[in-house]
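# give me coordinates for this.
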Amino acid sequence: MSRPPRSLLRLLLVLAVLAAWEGAVRLFEIPAYIVPAPSKVCVALYHGIASMLYIRHLWITLTETLLGFVGGSIVALVLGTLIALSRRCEYFLYPFILMFQAMPKVALAPLIIIWFGLGLTSKIAQAGLTAFFPLMVNTIVGLRSADEDRIALMRSLDASEIQIFRMLRMPGAMPFIFAGFEIAMMLSLIGAIVAEFVGAQRGLGVLIMSMTYTMDVAGQFSVLIVLSLLGLFLHTIIIVIRKRLLFWDTSQDRVRDVPAEGEIQ
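I've put the predicted structure just below:
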């Protein structure tokens, strides 16, 4: 007997959780300002989208996230490459980078607001700073993962360091770099929301804060759903690009295709 597809099972699980949530709220008469029922969250989500309120704020948060991701990624790739290929750069730069990473990014948000104001620039800076370190570490690890025997062989064939970097180090580092991209994209979104919490005029974070003041908990849940879908969308974009560019790398596909325990091949 054939089993139902996993996507259908996943959908049924989501529906079961929502039904249990709705039933628990109604059964125990939980006030809406503590935990709203899914039906009320769906109504708030519909009104927010129909009035274009969520769309306007979503566009601002998406712009902040993408620009911060691009800026943070460029700096992370450049510094990661310098540190990976130069021991001198590692000696002088890496301690300062580690000290910077040890600082909580939430604590830096008020300073960034003071330096760059309440506009778009401060949100981009916060998103870029939050996404910077994981990608830089993955870049360093990826570039240093090249086989030393292959490097020695290319040098024996009179290959230049640029040729070794282009033909050996960078292709081998791409899976690590794209893994860093996946993390950096999510952290960019988190950084943008944190900056909007601290001080902003527009964005989904501002919308959540305004709903907090009015005790609109159902609206807050609906904005969280929008943020979750936005994060899923951005993560999917990175996965699609990775599959197109790294079609030769099947490591992630093997992880996703591991059969469940007891599943018949």
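# going by C-alpha atoms from here, please, whenever you check contacts or count neighbours.
OK.
# can you get me a residue count around L85?
Neighbourhood size, L85 [other CA atoms under 10 Å]: 17.
# in space, what's closest to H235 - neighbours in sequence excluded?
Leaving aside its chain neighbours, H235 sits nearest to E182 (6.2 Å; criterion: CA to CA, 6 or more residues apart in numbering).
# quick check: pLDDT value at that neighbour.
Looking at E182, its pLDDT is 94.
# what about it, how many neighbours?
Neighbours of E182 using other CA under 10 Å come to 20.
# so what's it up against?
E182 is in contact with H235, I238, I239, counting by CA atoms under 8 Å, 6 or more residues apart in numbering.
# now go through the residues you listed and say which are in strands.
Using DSSP state E, no member of the contacts of E182 falls in strands.
# for V70, give me its contacts.
G128.
# tell me which element it is part of?
helix 53-85 (DSSP states H and E).
# and V226, how far from Q220?
Distance of V226 to Q220, computed by CA to CA, to the nearest Å: 10 Å.
# just give the closest residue to V25, not the sequence neighbours.
V25 sits nearest to A37 (CA to CA, 6+ apart), 6.0 Å away.
# where are the low-confidence patches of the stretch 1-150 of the chain?
Residues of the stretch 1-150 of the chain that meet the criterion pLDDT under 70 lie in 1-4.
# mind jotting down where the helices sit in it?
With helices called from DSSP state H, counting those that start in this stretch, the stretch 1-150 of the chain shows them at 6-27, 38-50, 53-85, 87-102, 105-116, 120-143, 148-156.
# quick one: which of these is nearest F197?
helix 105-116 (9.3 Å; CA to CA).
# hmm, who's touching the closest one?
S122, A125, Q126, L129, T130, G191, V194, A195, V198, G199.
# state the distance from the first one to P110.
According to CA to CA, S122 and P110 sit 10 Å apart.
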